[in-house]
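A.B. asks: Dropping the sequence and predicted coords here.
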Amino acid sequence: MHPGCLTCGAENRVGRKFCAQCGASLTAACPTCGATNEPGDLFCGDCGAQLERTESGSPQPPANAARPVAASGPESLASVAERRVCSVLFADLVGFTPLSESRDPEEVRELLSAYFDAARTVITRYGGVVEKFIGDAVMAVWGSPVAVEGDGERAVRAGLDLVAAVALLGEEVGAHGLQARAGVVTGEIAVTVGLVGQGVAGDAVNTAARVQTAASPGEVWVDEATHRLARAAIGFTDTGEHTLKGKSDPMRLWAATRVLSGIGGSQRVDGLEAPLLGRDAELRTIKELFHATAERRTPRLIVVSGPAGVGKSRLGWEFEKYIDGLVGTVRWHRGRCLSYGDEVAFWALAGIVRQRLGIAEEDPADVAAGKLAEGLATYLHDPEERSYVAVRLARLLGVAVEGDTGAVLGREELFAGWRLFFERLAATDPVVLMVEDIQYADAGLLDFLDHLADWARDVPIFVLAFARPELAQSRPGWGTGRNRTALTIDPLDAASMDRVVEALVPGMPQAARAAIIDQAQGIPLFAVETIRALIDRDIVVPIGGDYRLVGDVGSLAVPDSLRGLLAARLDALDADLRALVADAAVLGSSFPIEALLAVSRRSEEEVRTGLAELLRREVLEVSADKLSPQRGNYGFTQNLLRQVAYDTLSRRDRKARHLTVAAHLRATFAGDGDEVIDVVARHYQDALAAVPGDPDTEEIRAEAI
């Protein structure tokens, strides 16, 4: 029997989700990951998060009941108020009310339960967080509590998968014609992240619900911001302007049609692509090492490391085009490590194997098993080897094959079978394995690539892995040693960046070009996305086959397409370091340690330790110019990163920090002249702008004057 109901005490059959006597839930949904837990559990068995509980000790209503928004008033010490740019998805069932009227209540409840499970599964796979279920509607958020670049695009992908899953569910349960519709809106919201879930509020939340209501059955509609973020990888149809309830002006909406490419539009090239500049040495090194691998028939592992947007993927694309032009056959494979989801330890490797064998992710298990058998017959001619490898690759792909007894296989056994597969592929032609975003890789995948480089014999296997600096934190020294080469990609110099911008928008005036270069700070992706933002504003337009500047660039903001990437970098820091970064962001682009000590109110030892770690992680840098009065001051390596850190602060946190900085400057530099006075006044003005309606507004305004 199921454990007794915590509401009425009645016992229930194992497998029931609701009490047969009182209808109360017999499961507790984790507010963080959505996993199902038993009544009475204090912490989630999947993610370890604390489970919400009522005063009586019973679990809170499961995720299919609305989660109440936190009451207004002072925040608890365990919660953190933040402002974030998030993508919000609302989806509901179309025609559910008449359907429920014609069915038995228990059938309706089971249908809803299946729908909730499907929604939670899809949303979690794409890195979203289920915020709440209301009736037959689901709300999910991407970008909080942790941001990952591509959040907006993944929200749309999840919406497409969700409406497809609902249609399939309808066929399975005999509810023919059952459909869902979804709306996705991206914008700034306020969140309160605490010990138990998060409260989410803001116009983007309400607008997403209105967009979902306007969407046609079986479709996913998005707003302009989401369309801009996802259009590189997802096809859209313009549905025109719509008048939505509660919105003063009509909104232009787009209907998502299908996924066109990998995440971020990988393998798609549009007209905004500059020639490869400043990377000749790195590309040449990769080419030469590849040819050495092919000629000497020895494995080689190359790790290319650099910050996001510096040009690693572009380097890989140029190398792929080079390989494609060679006269000899090269067996090319590409894999990408995922930054989210469960059971993705060997996702990149499984993708590489599927690519080689022609197995699509949506192929049924029997079809995948058939393609596995056909592929192994092509590449492995020895029947014993073929049987040995088949069992081990089947475990990797999650399919059943003949000869697999189900016995537990140790990691070394699996590695040996996978290695043998690639050795046989490389017996006649060189093999290239290109793995992107390997900083997200599970330790198991890193260990296998080490195994491949150490144990493969007399075969040309070339592994090219792209990583961000975070890899050095999680796996120090990985990619160094015998048969290994580590390359570091640094930001481009100013002259190369000038040529990049000129190639993107020929004839741009020097002042405008300098503004873009200053914002990009040597990161080509930042320059490209800044120009794309100008294209969206019709300040840069296509004329005669080239993009041309036709207006004033004005004040350059952080492009929406970069916010998720930069926020994800900040979210990778622990809470204390993130708080220190937020304090530093209020101080400006350059600051002395004394100012940070004043605003952070931490001990000098804590601040110095944190600064050392932020320097090591290349979030901050120290001015070393002997001729500069700023020598010894700290500053952000990227101004865009500082802006995103500042935007994350709640308005009241901004106000409090600006007032603290102003008081510190007045006390420290009294009588030092107009320059310091201007800075103090600026902090007072920023404090006023943060919360303009507070009772002390006139007092602060007087201080500013």
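C.D. replies: Structure's in. What do you need? Residues are numbered from 1 along each chain as shown.

A.B. asks: which non-adjacent residue is nearest Lys245?
C.D. replies: Once its chain neighbours are removed from consideration, Lys245 has its nearest residue in Arg210; the separation is 5.8 Å (CB to CB, 6 or more residues apart in numbering). All C-beta atoms are positioned from the backbone trio N, CA, C, and that covers glycine.

A.B. asks: which residues touch the one you found?
C.D. replies: Contacts were defined as CB atoms under 8 Å, 6 or more residues apart in numbering; by that measure Arg210 touches 183, 244-247.

A.B. asks: burial count for the nearest residue to Gly187 once chain neighbours are set aside?
C.D. replies: With sequence-adjacent residues excluded and distances taken as CB to CB, 6+ apart, Gly187 is closest to Ala204, at 3.3 Å. Look at Ala204: counted by other CB atoms under 10 Å, it has 22 neighbours.

A.B. asks: go on, Ala515?
C.D. replies: Ala515 sits with 18 neighbouring residues when counted by other CB under 10 Å.

A.B. asks: Check Ala416 too.
C.D. replies: When neighbours are defined as other CB under 10 Å, Ala416 has 16 of them.

A.B. asks: Assign it to helix, strand or coil.
C.D. replies: Per DSSP: H, G, I helix; E, B strand; the rest coil, the local secondary structure of Ala416 is helix.

A.B. asks: if we can go back for a sec, what residues sit buried inside the helix or strand the residue nearest to Gly187 falls within?
C.D. replies: In the assignment (DSSP states H and E), Ala204 maps to helix 203-214. Burial within helix 203-214, assessed by neighbour count using 16 or more other CB atoms under 10 Å, is assigned to 204-214.

A.B. asks: What helices and strands are in contact with the helix or strand that it is followed by?
C.D. replies: Note on helix 203-214: by DSSP H and E, the next helix or strand toward the C-terminus is strand 220-222. Contacting strand 220-222 under the criterion 3 or more CB pairs under 8 Å, 6 or more residues apart in numbering; DSSP states H and E are the following elements: helix 151-172, strand 179-193, helix 203-214, strand 251-259.

A.B. asks: how about low-confidence regions in the stretch 251-400 of the chain?
C.D. replies: Counting by pLDDT under 70, the ranges of the stretch 251-400 of the chain that qualify are 262, 266-272, 340-344.

A.B. asks: Ignore what I typed, I meant the stretch 1-150 of the chain.
C.D. replies: By pLDDT under 70, the low-scoring segments of the stretch 1-150 of the chain are 1-10, 12-79.

A.B. asks: again, only this time at 90
C.D. replies: Judged by pLDDT under 90, the stretch 1-150 of the chain has its weakly predicted residues at 1-83, 95-112, 121-122, 124-127, 132-136, 144-150.

A.B. asks: Where does His227 sit, in terms of helix or strand?
C.D. replies: Once you assign secondary structure using DSSP H and E, His227 falls within helix 224-230.

A.B. asks: mean confidence score for that helix?
C.D. replies: Helix 224-230 carries an average pLDDT of 93.

A.B. asks: coming back round to it: next, the angle strand 179-193 makes with the helix holding Ala204.
C.D. replies: Counting by axes from the mean of the first three to the mean of the last three CA atoms, to 10 degrees, helix 203-214 points 170 degrees away from the direction of strand 179-193.

A.B. asks: what is the orientation angle of helix 203-214 with strand 251-259?
C.D. replies: Between helix 203-214 and strand 251-259, the angle comes out at 70 degrees (the same axes, to 10 degrees).

A.B. asks: From the contacts of Arg210, list the buried ones, please.
C.D. replies: Buried residues within those, counting neighbours by 16+ other CB under 10 Å: 183, 244.

A.B. asks: out of the contacts of Arg210, who's nearest Arg109?
C.D. replies: Taking CB to CB as the measure, Arg109 sits nearest to Gly183 out of the contacts of Arg210, at 25.9 Å.

A.B. asks: No more questions from me, cheers.
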